[in-house]
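Student: Predicted model and sequence follow; I will ask about them next.
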Amino acid sequence: MKIPQLLIKPFLVTILFIINGGFICLANASNRTIDPPKSKLISFKIKLKSAEKVKIETAALKFNKHLAYSFTLDDGYRSAYLTAFPLLNGGKISPKNINEWKNDQGGDGTNSKGLFYTDGLGNKIPFKLGLAINGATIGDFSAYRGHLSWAEVKEMYDVGWDILNHGFHHATKHGTNFLNEVTENTTSIKQNLGFTMSQFVVPGGESDPGYQLEYERDALANGAFSVASYAGYGPVINVKEKVNLDKMIYARTFVQSSKDTIGFKTMDRFLATFDSVAKLPNPVWYNEFTHGVGNGNLWNLSVRFPDFKYYMKAIANKYGSKGNDSIWMAPWQEVYEYIWLRDRVKINYEQKGKEVEVTIQLPEIPETFRYRTISLTIDTASKFEIESKESDFTISNNGNTTHKLINLQFNP
């Protein structure tokens, strides 16, 4: 399978000045200007054990990973909570669960210890997915409901799963008011969960030709920073350099079980594609989607739970904390917001002997952003410690071990 890539050539400069026996380096600067009154400066010091010169850059991906992998479940089906959530986060997977459509949205009833990657500092983080939901379908109607409840959505959101706008009714047919579908769903999630969604996924179904273009237009004009649709960037985005995220349209790639239930040949083909992506030389962002993940292949557009479990465990064992730990398994919104901020921050540092003063200029970050994080790579053979008196951010590092990584979390 040929893997297309988004190749973007940014205008990058590195400036080096010699000042009073030390040096100042401006790392990862671009031709984008930041309005000084709206920007924010933070700083900290790096205390080195030796005076060798260091090099500091923003990591292409959070935790300096090689592969950002985002997996989204469309339509808010309950199997997301019954099977995928406990499998990835850890917990009791639902046994057989027949829903209102006579489809089994349960799993195998086993206990999962969770699937993990690390933050590059030895701390495990569970795999997380994105949920593209329709507010009109969410509710506590019965124990046999096919869709999630608000409480279930909130529980997953609270541990880091992201919620994406999928239209209020999942409407696609002739006569659909696309603008209302976008804005009513935004209002519904805001009223029930307390936050504003910022990414949109075009719903599929019976429709007029070109309907997705109307969804794309109305979503981007009403709060969405990007849209997953039928054609556009992807499925692999090269993120080594600056990425054009402005009004980005992304082409969805679906993972589905085959009609043959014997063995995992279909999933092995998806894994072969995944492996080819993971082996690409530059850091990349890869996205996949499906619908249900229960025992039944819901609408024949889903991944059966045995297939889903096999697929996720294979990825975790090879690329997660049990493998080479090269994966950042995070939802679409989290990866988008990291790259957006990475391409707009300005990192300045001045080294004088064993001390490095680091200053970071942050742009004005949109209010609807959920994540405000940056990882820095530091090229030094010396162990180091961080000194900071500011309370506007938290910082973690591996200065006493491999001394290569600094993770920063900025407060809203």
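Tutor: Okay, I see it.

Student: Pass me the low-pLDDT residue ranges in the stretch 1-150 of the chain, would you?
Tutor: The model of the stretch 1-150 of the chain has pLDDT under 70 over residues 1-37.

Student: where along it do the helices fall?
Tutor: 79, 85-89, 150-158 (DSSP state H, counting those that start in this stretch).

Student: And the shortest one, what does it pack against?
Tutor: Here helix 79 is seen to pack against no other helix or strand when contacts are counted using 3 or more C-beta pairs under 8 Å, 6 or more residues apart in numbering; DSSP states H and E. Bear in mind the C-beta positions are built from the backbone N, C-alpha and C, glycine included.

Student: contacts for that helix?
Tutor: 105-107, 292-294, 298, 302, 305 (C-beta atoms under 8 Å, 6 or more residues apart in numbering).

Student: Just those residues: which are in strands?
Tutor: Judged by DSSP state E, strands contain none of those.

Student: Could you pick out the buried ones from those?
Tutor: Buried members of those, counted by 16 or more other C-beta atoms under 10 Å: 105-107, 292-294, 298, 302, 305.

Student: Export the residues you listed as TSV, with columns for distance to Gly114.
Tutor: Below are the buried ones among the contacts of helix 79 laid out as TSV (distance: C-beta to C-beta, whole Å):
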residue	distance to Gly114
Gln105	21
Gly106	19
Gly107	15
Gly292	21
Val293	16
Gly294	19
Leu298	24
Ser302	22
Phe305	16
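
Student: Just give me the closest of those residues to Glu385.
Tutor: When the buried ones among the contacts of helix 79 are compared for distance to Glu385 (C-beta to C-beta), Val293 wins out at 44.5 Å.

Student: Now do the contacts for the closest one.
Tutor: The contact partners of Val293, by C-beta under 8 Å, 6+ apart, come to 73, 77, 79-80, 83-84, 302-305, 308.

Student: What's the end-to-end length of stretch 216-224?
Tutor: Using C-alpha to C-alpha, to the nearest Å, the end-to-end distance of stretch 216-224 comes to 9 Å.

Student: distance between it and the chain's centre?
Tutor: For stretch 216-224, the separation from the chain centroid amounts to 20 Å (computed by C-alpha atoms, centre = their mean, to the nearest Å).

Student: Repeat that for stretch 274-289.
Tutor: Taking mean C-alpha positions (C-alpha atoms, centre = their mean), stretch 274-289 and its chain are 13 Å apart.

Student: Equivalent analysis for stretch 209-227, please.
Tutor: Distance, centroid of stretch 209-227 to centroid of chain: 20 Å (C-alpha atoms, centre = their mean).

Student: List of residues touching it?
Tutor: Taking C-beta under 8 Å, 6+ apart as the rule, stretch 209-227 contacts 165, 167, 172, 176, 178-179, 181-183, 186, 196-203, 229-230, 245, 247-250, 332, 336, 340, 366, 368.

Student: got the residue ranges for the strands in the stretch 101-250 of the chain?
Tutor: 111-112, 116-118, 124-126, 130-133, 162-165, 199-201, 226-229, 236-238, 248-251 (DSSP state E, counting those that start in this stretch).

Student: would you turn these into a markdown table with distance to Leu61 and mean neighbour count?
Tutor: Converted to a markdown table, these look like this (distance: least, C-beta to C-beta, whole Å; neighbours: other C-beta atoms under 10 Å):
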| stretch | distance to Leu61 | mean neighbour count |
| --- | --- | --- |
| strand 111-112 | 26 | 14 |
| strand 116-118 | 11 | 21 |
| strand 124-126 | 13 | 16 |
| strand 130-133 | 17 | 28 |
| strand 162-165 | 17 | 26 |
| strand 199-201 | 18 | 28 |
| strand 226-229 | 17 | 24 |
| strand 236-238 | 11 | 21 |
| strand 248-251 | 17 | 20 |
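
Student: Include distance to Thr402 when you put those into a markdown table, please.
Tutor: Formatted as a markdown table, the strands of the stretch 101-250 of the chain follow (distance: least, C-beta to C-beta, whole Å):
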| stretch | distance to Thr402 |
| --- | --- |
| strand 111-112 | 30 |
| strand 116-118 | 12 |
| strand 124-126 | 17 |
| strand 130-133 | 31 |
| strand 162-165 | 30 |
| strand 199-201 | 34 |
| strand 226-229 | 34 |
| strand 236-238 | 26 |
| strand 248-251 | 34 |
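
Student: Nearest approach to Phe384 belongs to which of the ones you listed?
Tutor: That would be strand 116-118 among those, by C-beta to C-beta, at 20.1 Å.

Student: who does that closest one pair up with?
Tutor: strand 124-126 (antiparallel) (DSSP bridges).
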